[in-house]
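Colleague: based on what follows, work out the 3D shape:
(one chain, ligands or ions: 1)
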Amino acid sequence: MNPRLHRRTYVEVDLARLERNFHTLRKLLPPNAFCCPMVKANAYGHGDVEVATQLELAGVKHLGVGLVEEGVRLREAGVRVPLLLFGIFEEFSVDTILENKLTPVISHWSELEILADHVPFGSRFALHLKFNTGMNRLGFDVSEALQLRDWLDTHQQFSLEGVATHLLRGEDAGEPDSDSGAQLEQFARALGAFQGLRFHAHALNSSAAVQLHARDGRLSYGMRPGLALYGVMPSTRATPKIQLEPCLSFRSHVVMTHRLNVGEAVSYNAIWKASRPSLIGVIPAGYADGFQRQFSNSGEVLCRGRRAPVVGTVCMDYFMVDLTDVEAASGAVGPGEEVVMIGDSHGENQGIGLEAQLGADELARRVSTIPYEIFTRISERVPRHYRRSDGVAGMT
Ligand SMILES: Cc1ncc(COP(=O)(O)O)c(C=O)c1O
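Modeller: Numbering: from 1, shown residues only. Predicted coordinates:
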């Protein structure tokens, strides 16, 4: 435990698992194919500097960020690999982009005009172009591809390093008459305009990559994995042929217990009342930490590998769990007992725990959201710890 912690609520990220996931995904592609792990949004809450540094050591060739600020943060932390900037930018950001050697993924003519005003002839500035093939978020229209080719031909200070699109429903990739199929057809049309140039064509997010691999055994476009990298199997329709390992756990401890009589309430508005004599544990984590209020009376945690229900309203800094059954099954439970909000229970509590898991995907289903949101909502005030389960020395 980190001695600087004043509260034993923390996220633990296993960098060995992260690295294994990266290699697993990387192997889905032919050697030297484009693979750009996404480390935007603080690496999906896992800690962007640590994740990027680990992936750099593992041999990554590109990393993806969403914001200029995210790219700058990584550069300041010493990350040197090419950083693709997926967010759209304005004129006031261009100096920062150039100074930090960020590689923009361009979606709009305004960005090209800004760059043309700032990048001198004679240089070779790498950029990627993004096409909107149906997502209708970012990207040029496919009908603009030839015009873009002309622009590149007349602006020799720019080199086309990649052409991208983004799928709106990656999990149907490889199926007949799918949205992904229609989008990839449009994408192929756009790519045709850049014949004769050498560049990466990239289109696959986690679900598209896992799905295409499951169906076809090969991937025809480069990949930008996010969720799968962090060890959550994206939604797929064909059975995945790879295994991923969740990297993040979110842990805390019981700080107080209360013995309640039948009829006594827990937390704001008394939405839970004891229907039997109950042992209630108080956990020092709340919605301000990203343990969402929707888990009130509906979430679960692991304690000694057993599931303990969240009871009452989740507060800003605390929530309560019913430990009655845990105690009945495995003996007295008191302050100091570990609880797991996301992740594995390794059976490490005095040898009396069980192996169990509570995945971000399960939490997400419980509150009708997606694991991405569960991860990215874990707030900044929760410290991130890093370890390597394979025992190789690394960051802590
Ligand atoms: C442009 C782009 N590519 C790739 C990804 C990664 O998606 P996933 O986490 O589903 O793999 C994202 C994530 O939102 C994205 O916006």
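
Colleague: got a list of what the residue in the stretch 251-396 of the chain that the ligand sits nearest to touches?
Modeller: Residue nearest to the ligand within the stretch 251-396 of the chain (C-beta to the nearest ligand atom): residue 372, separated by 6.5 Å. Placement of C-beta: from N, CA and C, glycine included. For residue 372, the contacting residues are 44, 226-227, taking C-beta atoms under 8 Å, 6 or more residues apart in numbering as the criterion.

Colleague: ok, and of those residues, which contact the ligand?
Modeller: With respect to the ligand, and counting by C-beta under 6 Å from any ligand atom, the subset of those in contact is 226-227.

Colleague: most neighbours, which of the contacts of residue 372?
Modeller: Neighbour counts for the contacts of residue 372 were taken using other C-beta atoms under 10 Å; the highest belongs to residue 44, with 26 neighbours.

Colleague: so where's the stretch 51-200 of the chain uncertain?
Modeller: Within the stretch 51-200 of the chain, no stretch falls below the threshold (pLDDT under 70).

Colleague: around the ligand, pick out the residues from it.
Modeller: Proximity of the stretch 51-200 of the chain to the ligand (C-beta under 6 Å from any ligand atom) is limited to residues 86, 166.

Colleague: mind checking how far the residue of the stretch 51-200 of the chain found nearest the ligand is from residue 160?
Modeller: In the stretch 51-200 of the chain, the residue that lies nearest the ligand is residue 166 (4.4 Å; C-beta to the nearest ligand atom). Shown here: residue 166 relative to residue 160, a distance of 18 Å by C-beta to C-beta, to the nearest Å.

Colleague: state the mean pLDDT of the host helix or strand of the residue of the stretch 251-396 of the chain closest to the ligand.
Modeller: Under DSSP states H and E, the secondary-structure element containing residue 372 is helix 371-376. Regarding helix 371-376, the rounded mean pLDDT is 98.

Colleague: go on, stretch 284-299?
Modeller: If you average the pLDDT values across stretch 284-299, you get 98.

Colleague: send me that stretch as PDB with only the CA atoms.
Modeller: The C-alpha trace of stretch 284-299 is given here as PDB (Å, rounded to 0.1, in the frame of the first residue of the first chain):
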ATOM      1  CA  PRO A 284     -15.000   4.900   1.600                       C
ATOM      2  CA  ALA A 285     -15.800   5.400  -2.100                       C
ATOM      3  CA  GLY A 286     -18.800   7.100  -3.600                       C
ATOM      4  CA  TYR A 287     -20.100   8.700  -6.700                       C
ATOM      5  CA  ALA A 288     -17.400  11.400  -6.600                       C
ATOM      6  CA  ASP A 289     -15.000   8.500  -7.200                       C
ATOM      7  CA  GLY A 290     -16.900   7.100 -10.000                       C
ATOM      8  CA  PHE A 291     -18.900   4.500  -8.100                       C
ATOM      9  CA  GLN A 292     -22.100   5.600  -9.700                       C
ATOM     10  CA  ARG A 293     -25.200   6.600  -7.700                       C
ATOM     11  CA  GLN A 294     -27.200   4.200  -9.900                       C
ATOM     12  CA  PHE A 295     -25.600   1.300  -7.900                       C
ATOM     13  CA  SER A 296     -27.800   2.400  -5.000                       C
ATOM     14  CA  ASN A 297     -29.600  -0.700  -3.800                       C
ATOM     15  CA  SER A 298     -28.500  -2.500  -7.000                       C
ATOM     16  CA  GLY A 299     -24.700  -2.900  -7.200                       C
END
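
Colleague: count residues in the vicinity of residue 186, would you?
Modeller: Residue 186 is flanked by 16 other residues according to other C-beta under 10 Å.

Colleague: which residue is the nearest non-sequential neighbour of the closest residue to the ligand within the chain?
Modeller: Nearest residue of the chain to the ligand (C-beta to the nearest ligand atom) works out as residue 226 at 2.3 Å. Spatially, and ignoring its direct neighbours in sequence, residue 226 is nearest to residue 38 (3.8 Å; C-beta to C-beta, 6 or more residues apart in numbering).

Colleague: need the contact list for the one you found.
Modeller: The neighbours of residue 38, taking C-beta under 8 Å, 6+ apart as the test, are 44, 63-64, 224-226, 229.

Colleague: let me see the confidence value for it.
Modeller: According to the predicted model, the pLDDT of residue 38 comes to 98.

Colleague: quick one: contacts for the residue of the stretch 51-200 of the chain closest to the ligand?
Modeller: Residues in contact with residue 166 (C-beta under 8 Å, 6+ apart) are 130, 135, 137-139, 203, 205.

Colleague: one more: residue 211?
Modeller: Each residue near residue 211 by C-beta under 8 Å, 6+ apart is listed here: 170-174, 236-238.

Colleague: who wins for most neighbours among these?
Modeller: Within the contacts of residue 211, neighbour counts (other C-beta under 10 Å) peak at residue 173, which reaches 32 neighbours.

Colleague: what is the neighbour count of the nearest residue to residue 338 once chain neighbours are set aside?
Modeller: Distance criterion C-beta to C-beta, 6+ apart; nearest residue to residue 338, sequence neighbours excluded, is residue 253 at 5.6 Å. If you count neighbours by other C-beta under 10 Å, residue 253 ends up with 20.

Colleague: one more: residue 17?
Modeller: By other C-beta under 10 Å, the burial measure for residue 17, its neighbour count, is 20.

Colleague: spatially central residue for the chain, please.
Modeller: With distances taken as C-alpha atoms, centre = their mean, the chain has residue 44 as the residue nearest its mean C-alpha position (3.1 Å).

Colleague: residue 334: what's it in contact with?
Modeller: The neighbours of residue 334, taking C-beta under 8 Å, 6+ apart as the test, are 254, 257.

Colleague: what comes up buried for the helix or strand residue 325 falls within?
Modeller: Using DSSP H and E, residue 325 sits in helix 324-330. Buried residues in helix 324-330, defined by neighbour count with 16 or more other C-beta atoms under 10 Å: 324, 326-327, 330.

Colleague: same question, stretch 213-230
Modeller: For stretch 213-230, the neighbour count (16+ other C-beta under 10 Å) marks 213-215, 219-230 as buried.

Colleague: does residue 333 touch residue 259 like I think?
Modeller: No - using C-beta atoms under 8 Å, residue 333 is not in contact with residue 259, being 11.4 Å away.
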